[in-house]
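Novice: Take this sequence and fold it.
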Amino acid sequence: MKVRSILTLLFIANIFSIYGQTFLDQDIDEDEGSIKETIRFSEKNPPTEEKIKNLNPSTTKQISVYLNEVKSIPASFWEIKNVLGLKLNIKDLVAIPNEIGNMKQLRSIDFNCDSLKALPQGFGNLTNLEFFEIRTNVDTFSFPNSITNLDQIINIKFIANNLKKINGPFLKSKETKYLTLRCKSLTTFPKNIYQFKKLKEAKIRGSFYEITSDIKNLKSIKKFIIHIFGENLIPFSEDIFDFPLATTYILSISKSKNLPKKIINLSSVVKFELNVEDLEELPIGIGNSSRLALLGISSNKLKQLPAELSKLEKLSHLELGLLQGKTIPKFNFESNSLIRILIWGNKNSPGNSISLNHFPNLKRLELSYVNMKLEDFSNCKILETIGLFGSNWTSIPKGLLGFKSLSHLSLTASKIENLPSFIDQFNERLTIILDANPVSKKSNEIDLSNVKAKISF
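Specialist: Model (predicted):
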């Protein structure tokens, strides 16, 4: 399970590129060979022969075409010469005609077709293709041998969560920089991906048995996100932890036995997430990632956060998912840079608490179903946000008056029975959230007319 799916407040750095879009709906200068118009067809506006004839002008006007749940596509459609972008949203479409190879100007294809099982041999004629996206729900998909002719594709998205087998070669483009492969049921990792030497971003999901040491070929990667389901994975080589240019690194697997014990080179990583159900300790060497700012760990059995984390002078965010874990790991490190700690437990989470007093610059503390006493963070005087969801607090401690920077106190789903007599001493900047507590506006015994803080029941 990913940390980000558990920790809903996780900040995500999104890298945006023109190649992350289709060329549909673009309005770019015609002299640059780009699209000036998008033509849309649907069940109510079908692609008739007459309409298609009008799309083959004698001019050099270039277009994109969107076919949305049309009942049929005339053969003449595939003879249109001036199409740069082609988007198909046809649920029952099983095959693409070989004549698609006549659309040699195509730069972008986006096929959202649940029943699509194969691409034709003629697809290999589309040598100008730069953006490739296919979404399908079949269990077997066939690529033609000619697919390897397409060596200019910059962005590849192939999403088929029910896919168990790929027939023929996967794409093999020497220019690919962005890859999204989401095939949750696929067990064989496409070997051609190891040849994407210009790859900058990889987002991969599958039930792969093996990712070989050839992964070391992808040294240009800056964003590496991989989620492997199931328990049949052959242990990784150390190369899985050797991406010196990667700034974002997220790895999710089921068993820690498949994980190398040592990090080779993640010297550029800024965001590092490791999601392993039975992980007991972090790989050695994480303290050498000197640029690391966000560390996210999700595990049931993590025993400690090691002392070498003290070396991370830029570490500002720590996010910890306990899943079904019974014990909060020991924090065996100190940090002056850490400003946010988020620990997400569950209703069966531990009764133990830990001291956070060695993080003096902490500004945000957000805990869910984690027992924490005020003395566990009493030295964190510049805290601005304290969120204790599902805590065992029965009252608001007076010691919080000493937190002069505090602007948000959330005790949702805790056990607060009444407001304290000193509630009027909190300043007007503070918002107190007491949703789903025994106390309510009606049951409260304190006069709120002179209370400056904003209180929500």
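
Novice: what phi and what psi does the backbone show at the closest residue to Phe331 other than its chain neighbours?
Specialist: Spatial nearest neighbour of Phe331, excluding adjacent residues (Cβ to Cβ, 6 or more residues apart in numbering): Leu305 at 5.3 Å. Where you see a C-beta, it was placed from the backbone N, CA and C, and this is true even at glycine. Phi and psi for Leu305, reported as degrees, to the nearest 10, are phi -100, psi 120.

Novice: Compute the number of surrounding residues for Leu305.
Specialist: 20 (other Cβ atoms under 10 Å).

Novice: Likewise for Ser440?
Specialist: 11.

Novice: Distance of it relative to Thr327?
Specialist: 34 Å (Cβ to Cβ, to the nearest Å).

Novice: Quickly find the element holding the closest residue to Glu133 other than its chain neighbours.
Specialist: Excluding the flanking residues, the one nearest Glu133 by Cβ to Cβ, 6+ apart is Lys157, at 4.0 Å. According to DSSP states H and E, Lys157 maps onto strand 155-159.

Novice: Now do that strand: which elements does it pack against?
Specialist: Counting contacts by 3 or more Cβ pairs under 8 Å, 6 or more residues apart in numbering; DSSP states H and E, strand 155-159 packs against strand 131-135, strand 178-183.

Novice: where along the stretch 251-400 of the chain do the strands fall?
Specialist: Ranges of strands within the stretch 251-400 of the chain are 271-276, 294-298, 304-305, 317-321, 330-331, 340-344, 364-368, 385-389, based on DSSP state E, counting those that start in this stretch.

Novice: name the helices or strands packed onto the first one?
Specialist: In this structure, strand 271-276 packs against helix 3-6, strand 248-253, strand 294-298, with contacts taken as 3+ Cβ pairs under 8 Å, 6+ apart.

Novice: run the last query once more with 6 Å
Specialist: Judged by 3 or more Cβ pairs under 6 Å, 6 or more residues apart in numbering; DSSP states H and E, the packing partners of strand 271-276 are strand 248-253, strand 294-298.

Novice: Using PDB, write out the CA atom coordinates for the last one.
Specialist: The reference is to strand 294-298. In PDB, the C-alpha atoms belonging to strand 294-298 read as follows (Å, rounded to 0.1, in the frame of the first residue of the first chain):
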ATOM      1  CA  LEU A 294      10.500  14.100   2.300                       C
ATOM      2  CA  LEU A 295      10.800  10.600   3.700                       C
ATOM      3  CA  GLY A 296       7.700   8.400   3.700                       C
ATOM      4  CA  ILE A 297       7.700   4.900   5.100                       C
ATOM      5  CA  SER A 298       4.800   2.500   5.300                       C
END
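
Novice: now that strand and strand 271-276, what's the angle there?
Specialist: Strand 294-298 and strand 271-276 are oriented at 10 degrees to each other (axes from the mean of the first three to the mean of the last three Cα atoms, to 10 degrees).

Novice: partners of strand 294-298 in the sheet?
Specialist: strand 271-276 (parallel), strand 317-321 (parallel) (DSSP bridges).

Novice: possible to save those as JSON lines with distance to Leu338, mean neighbour count and mean pLDDT?
Specialist: Below are the strands paired with strand 294-298 laid out as JSON lines (distance: least, Cβ to Cβ, whole Å; neighbours: other Cβ atoms under 10 Å; pLDDT from 0 to 100):
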{"stretch": "strand 271-276", "distance to Leu338": "14", "mean neighbour count": "22", "mean pLDDT": "96"}
{"stretch": "strand 317-321", "distance to Leu338": "6", "mean neighbour count": "24", "mean pLDDT": "95"}
